[in-house]
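Visitor: Mind folding the following:
(2 chains)
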Amino acid sequence: MIELQGVTKYFRTTLGKKYILKDVSFAIPSNVNIGILGRNGAGKSTLMRMLGQIEFPNQGKILSDKTFSWVMGVGGGFQNNMTGRANVKFVCRIYGKSKEEIDRAIAYVKEFSELGDYFEMPIRTYSSGMKSRLTFGLSLAFDFDYLLIDETLSVGDARFRKKSKEALMKKIESCNVLLVSHDMGTLRDICDVGIVSNNAQLHFFDDINDAIKMYETINK
Amino acid sequence: MRERSPWQVQKSVIYALFLREVNVRFSAGKLGYFWVIFEPLMQISIFVMVKMLLFGSKSPLDYSVFITIGFVAFNLFRHILDRSMTAFAGNKGLYAYKQVKPIDGLVARILVEILITMVIAAIFIAAGLYLDRDMNVENIGMVILGFLWLILFSFGLGLFISVIGIFFDSFLKVVKLLLSPLMFISAVFYSMQNMPQALQSLLYYNPLTHFIEMIHDNYFSVLNDGFIDYEYMAIWTIVPFYMALWLYRKLEKGIISI
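Guide: Reported below is the predicted structural model:
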């Protein structure tokens, strides 16, 4: 279970406070895959970052006894002057993996991400699609309760997209996913329940199809 | 995933960041090893030469050793401060992982500087023995204590400057400006006892002078250690450290999402 207790989140801008969430109390049930929908700027990514504990509410609390992956967003989460391999090693180390586990993870990520020689090159030489492959492949080498995926499934070429989706379908047999996406097909395939973020409030739907309906209404 | 205590997590993060720093600093093509040893060598040769030309080679102590110790200590302080100042912004990409806190990157950088200083010191000690320089230390325990205390002092000051500097860019500029003449006012290549009275009382306000004097005076028995004010050094260690930690605790979340 993930529980939001009176969560308020805003950003200070030159035009005053811009609210992402305003006093939101909310419980997300366990063992379901959750799709998050909302218009651009509604705060989907901020919500993900708060669940990933790298962004913090201005007021209120987010409670959960589950483990969350890092947020797999487009391009983020890597140090540009490190090689793909060094980044994989780094992440394995901060999660306390042993030497053998690190070697296994490197072999797996290298194979899965299909980066070839780029795996030995600094991240700054990567395209955003390549970064997504690396971060997604890397996350598959860990056992989290929840994977936090922010639109990364919709980048990359068609073949790799298909491969990622298949890998994800297999992975979610043993874990759950929180997915931000603008691709309704992906949301329907992967998610059971849906959350729509709109006007600094969150709306929960037991059925992802109902969430998609609401999203389509507010987008009209 | 197995449960780990916060301390275990932080330890593995600092270790990973440490390896990363070493990797970046000493990766091929950047001449990392070369600069690390070349910088102090240049400083030492220049100041030994200037001293010989201006005052001749007559001296009650082994001047080359005096200057080497001065620069090793001064560079340690200077590098810890310089590296601290860019640490928070430099590891920004890695705050995407919740385990990585800004202070971990700063600690990792300081550990790298300590390691580099130890390697340099070992090289100079070997060279000193080989070239038959004055290697008789008056009080080796106090010299080591001086270095350890200097590290603590630099850490506190570095953290303090970094926490404020990440929010006020101009603060960093002012600090850099203040630091630029520091080499000349910190008793690096001269001893306080040889300075005129008026200058002494001014240099006295510079905390770094006391640290370098402490190290120098405990190495050479001919030097008088009466200038060192341990209380002043303690204040300059505790106050910035305490303020820095207090501010850091309050502002950590802001630094992560900067």
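Visitor: Residues of chain A that sit close to chain B?
Guide: When proximity is defined as CB under 8 Å from any CB of the partner chain, chain A approaches chain B at A:49, A:52-56, A:67, A:70-71, A:76-82, A:86, A:89-91, A:93-96, A:142-144. Backbone N, C-alpha and C define where each C-beta goes, glycine included.
Visitor: Separate out the buried members of those.
Guide: Buried by 16 or more other CB atoms under 10 Å in any protein chain shown: A:49, A:52-55, A:70-71, A:76-79, A:82, A:86, A:89-91, A:93-96, A:142, A:144, out of those.
Visitor: So which of the residues you listed belong to helices?
Guide: The helices, defined by DSSP state H, take in A:R49, A:A86, A:K89, A:F90, A:V91, A:R93, A:I94 from these.
Visitor: okay, those in a markdown table with pLDDT next?
Guide: Compiled in a markdown table, those are given as follows (pLDDT from 0 to 100):
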| residue | pLDDT |
| --- | --- |
| A:R49 | 89 |
| A:A86 | 91 |
| A:K89 | 93 |
| A:F90 | 93 |
| A:V91 | 93 |
| A:R93 | 94 |
| A:I94 | 93 |
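Visitor: Out of these, which is nearest to chain B?
Guide: The shortest distance between chain B and any of those, using CB to the nearest CB, involves A:R93 and amounts to 3.6 Å.
Visitor: so what's the closest one closest to, chain neighbours aside?
Guide: If you skip the residues right next to it in sequence, A:R93 has B:A16 as its closest partner in space, 3.6 Å away by CB to CB, 6 or more residues apart in numbering or on different chains.
Visitor: how about the one helix or strand the one you found maps to: buried residues?
Guide: Taking DSSP states H and E as the criterion, the element that holds B:A16 is helix B:6-25. Buried residues in helix B:6-25, counted by 16+ other CB under 10 Å: B:9-10, B:12-25.
Visitor: between those residues, which is closest to chain A?
Guide: When the buried residues of helix B:6-25 are compared against chain A (criterion: CB to the nearest CB), the nearest one is B:A16, at 3.6 Å.
Visitor: List the contacts of that closest one.
Guide: Remark: with contacts taken as CB atoms under 8 Å, 6 or more residues apart in numbering or on different chains, B:A16 is in contact with A:K89, A:F90, A:R93, A:I94.
Visitor: Check B:I256 too.
Guide: Neighbouring residues of B:I256 by CB under 8 Å, 6+ apart: A:I54, A:E55, B:Y95, B:K101, B:P102.
Visitor: 6 Å - rerun?
Guide: B:I256 makes contacts with B:Y95, as judged by CB atoms under 6 Å, 6 or more residues apart in numbering or on different chains.
Visitor: Distance check, it against A:V91.
Guide: Summarising the geometry, the distance separating B:I256 from A:V91, computed by CB to CB, to the nearest Å, is 17 Å.
Visitor: Just the C-alphas of stretch A:47-65, formatted as CSV.
Guide: C-alpha atoms of stretch A:47-65 as CSV (Å, rounded to 0.1, in the frame of the first residue of the first chain):
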residue,chain,number,x,y,z
LEU,A,47,4.4,12.6,-8.3
MET,A,48,6.7,9.8,-9.6
ARG,A,49,9.7,11.7,-8.2
MET,A,50,8.0,12.0,-4.8
LEU,A,51,7.3,8.3,-4.8
GLY,A,52,10.9,7.7,-5.7
GLN,A,53,11.9,9.9,-2.7
ILE,A,54,14.0,12.4,-4.7
GLU,A,55,11.4,15.1,-4.5
PHE,A,56,9.6,16.0,-1.3
PRO,A,57,6.1,17.3,-0.5
ASN,A,58,5.9,20.8,1.0
GLN,A,59,3.3,19.5,3.4
GLY,A,60,2.0,16.0,4.3
LYS,A,61,3.6,12.6,4.1
ILE,A,62,3.9,9.7,1.7
LEU,A,63,4.0,6.4,3.5
SER,A,64,4.8,3.0,2.1
ASP,A,65,6.6,-0.2,3.2
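Visitor: What lies in contact with it?
Guide: Stretch A:47-65 is contacted by residues A:2-10, A:46, A:68, A:70-71, A:148, A:150, B:95, B:98, B:253, B:257 when judged by CB under 6 Å, 6+ apart.
Visitor: Can you flag the buried ones in those residues?
Guide: Applying 16+ other CB under 10 Å to these, the neighbour count classes A:2, A:4, A:7-10, A:46, A:68, A:70-71, A:148, A:150, B:95, B:98 as buried.
Visitor: Nearest to B:L81, out of the residues you listed: which one, please.
Guide: Closest approach between the buried ones among the contacts of stretch A:47-65 and B:L81, by CB to CB: B:Y95, at 22.3 Å.
Visitor: Now for B:L150: which residues touch it?
Guide: Applying CB under 6 Å, 6+ apart to B:L150 gives the contacts B:F211.
Visitor: oh sorry, the question was meant for A:K89
Guide: A:I102.
Visitor: separation between it and A:E101?
Guide: 11 Å.
Visitor: coming back round to it: next step: the contacts of stretch A:47-65 restricted to helices.
Guide: Judged by DSSP H, helices contain the following of the contacts of stretch A:47-65: A:T46, B:K253.
Visitor: domain ranges for chain A?
Guide: Structural domains assigned to chain A are A:1-67+A:145-154+A:176-220, A:75-143, following automatic domain parsing.
Visitor: Could you give me the buried positions within the helix or strand where B:A244 lies?
Guide: B:A244 belongs to helix B:230-256 when assigned by DSSP H and E. For helix B:230-256, burial by neighbour count (16+ other CB under 10 Å) applies to B:M233, B:W236, B:T237, B:P240, B:F241, B:A244, B:L247, B:Y248, B:L251, B:I255, B:I256.
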